[in-house]
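Engineer: Next input, structure requested:
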Amino acid sequence: MAISEEQVKHVAKLSKLSFSEKELHNFTEQLGEIIDMVELLEEVDTTGVSFMSNVTENLNVMREDVSEPGTDRDELFKNIPEAENGYIKVPAIMDNGEAGA
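Structural biologist: Sure, this is the predicted structure:
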C-alpha cells in the first residue's frame, strides 16, 4: 500500500506539524517503507500459533497503595510561564471548537 504526500500532509495538519517539501518527501518515503514492512508481516503463516498478549508469566503485579505527600505547589509553579486561578495556563489545542482544525 503506497502512502501519498497528501495523506502525510493531512496527518501533519492533524498533528499541528509543518514540513518543508524535502521533509514531506522523506517522511512519505519512510512511512511507505513502514507500511510495506507491516504488509510483509501479514504474509507470515501463523496457523497453529497461539495468541500471546504478554511475554512474561507475571499477572496482576501490584504494589501497596500508599499515600505520599506531593510536591509543594509554589515550588511547582516557580518554573511555569503562565498561571491563572491556581492552574497552569497552556496554549489552546483546538481551533474553532474542532480538534485538528
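Engineer: pLDDT-wise, which helix or strand of this protein ranks last?
Structural biologist: strand 98-99 (a mean of 57; mean pLDDT, DSSP states H and E).
Engineer: Contacts only, for the nearest residue to Gly32 once chain neighbours are set aside.
Structural biologist: Closest residue to Gly32 apart from its sequence neighbours, by Cβ to Cβ, 6 or more residues apart in numbering: Ile3 at 5.0 Å. C-beta coordinates here come from the backbone N, C-alpha and C atoms, glycine included. By Cβ atoms under 8 Å, 6 or more residues apart in numbering, Ile3 lies in contact with 28, 31-32, 35.
Engineer: Which two of those residues have the greatest separation?
Structural biologist: Checked with Cβ to Cβ, the contacts of Ile3 reach their widest spread between Thr28 and Ile35, with 10.7 Å between them.
Engineer: the more surrounded of these two?
Structural biologist: Thr28 (19 against 13; other Cβ atoms under 10 Å).
Engineer: Check the gap between the more buried one and Glu42 for me.
Structural biologist: 21 Å (Cβ to Cβ, to the nearest Å).
Engineer: now Ala83
Structural biologist: 50 Å.
Engineer: Who has more neighbours out of the two?
Structural biologist: Applying other Cβ under 10 Å to Ala83 and Glu42 shows that Ala83 carries more neighbours, namely 12 against 7.
Engineer: The more buried one contacts Arg73, doesn't it?
Structural biologist: No. Using Cβ atoms under 8 Å, Ala83 is not in contact with Arg73, being 10.0 Å away.
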